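> Could you look at this predicted model? Sequence included:
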Amino acid sequence: MKLTLALLTAIGGAQADPILFSIGADGLGVPRQLFQIDVGAANVTPLALLGDGSLSYGGGLAYRTGSTFDGLETDSFGSVNRVSYTSAGAVSNIAAAGSFSGGGMANVGGTVHWIANDFLGNSTLTTSVTANSIGTGFNGGLAYRSTDGLAYAVQNDGNGNSSVHSVNLTTFATTQVLSLGQGFLGGLAWDPATDTFYVIGSDSNGASSLFRFVLGDTSPTSLFALGNGFNAASLTIAAADQGVPEPSSFLLCAAVLSVRLFKRRA
């Protein structure tokens, strides 16, 4: 029995690296290419092109369920619609979302939140019914950490310096938790299985890389290159792909191991 429990603990403690999704640029530089990012394999796979190229789909991305995502669709005049789309590229309109959006999107307890930025750089944390000011320059990504009930957002100042801030969802006060460096405009996501944040940064030539950090780190860790065009504050994690065995899997493992141990003793 002790061996069985030890093996189950080992199985339960093994966490796979997550599957992420992001929006990158198409061949003409329009943010509308949906990518899958396999962190464990350091692999970036294009999934589908969204729309016909006349509209941008950058500035926000949130995993919903199955192969469906929430996102933002922006025209050349800055008007924004909240949309849903699938990994196959089918896009459906949900509702108008104001204008000058583009600071990230996250699913907060079943309600989609996104950050809108006006032409002066003023940032608001927005839902379909509320909009609350959180300061300026929050245009680099948004994530929700369910273990502390806080949102986390990437801010960029006038000199290009990037930092991560926690956002109190009751008072909307922000607190800086980590300085990232420069050029982090590609999005932010949180993995609940490992309590790890993932963030996309780009250099002055537009070459983008994936980074990760945990709260308490003094700087992010670079993982691998993604390519060019990941500057749309669009990064999300597939909630179903956490690498955590379901309860039925634990029960099956327990049953098999118990039977084997019983046979050996007999």
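In hand now; what should we look at? Residues are numbered from 1 along each chain as shown.
> Isn't L185 up against Q155?
No - taking Cβ atoms under 8 Å as the contact criterion, L185 and Q155 are not neighbours in contact, 10.8 Å apart. Backbone N, C-alpha and C define where each C-beta goes, glycine included.
> residue ranges for the helices of this structure, please.
Here the chain has its helices, by DSSP state H, at 2-13, 247-265.
> quick revisit: shared neighbours, L185 and Q155?
Residues within reach of L185 and of Q155 at once, by Cβ atoms under 8 Å, 6 or more residues apart in numbering, are 139-140, 162.
> Make a markdown table out of those residues and add distance to T86 and pLDDT.
Conversion of the shared contacts of L185 and Q155 to a markdown table gives the following (distance: Cβ to Cβ, whole Å; pLDDT from 0 to 100):
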| residue | distance to T86 | pLDDT |
| --- | --- | --- |
| N139 | 26 | 96 |
| G140 | 26 | 97 |
| S162 | 31 | 98 |
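> Same list (these) but as a markdown table, adding neighbour count and distance to R82.
Rendered in a markdown table, the data for the shared contacts of L185 and Q155 read as follows (neighbours: other Cβ atoms under 10 Å; distance: Cβ to Cβ, whole Å):
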| residue | neighbour count | distance to R82 |
| --- | --- | --- |
| N139 | 26 | 18 |
| G140 | 29 | 20 |
| S162 | 23 | 26 |
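> any idea which of these is closest to A62?
Ranked by distance to A62 (Cβ to Cβ), the shared contacts of L185 and Q155 are led by G140 at 15.5 Å.
> Could you measure from that closest one over to G201?
Distance of G140 to G201, given as Cβ to Cβ, to the nearest Å: 9 Å.
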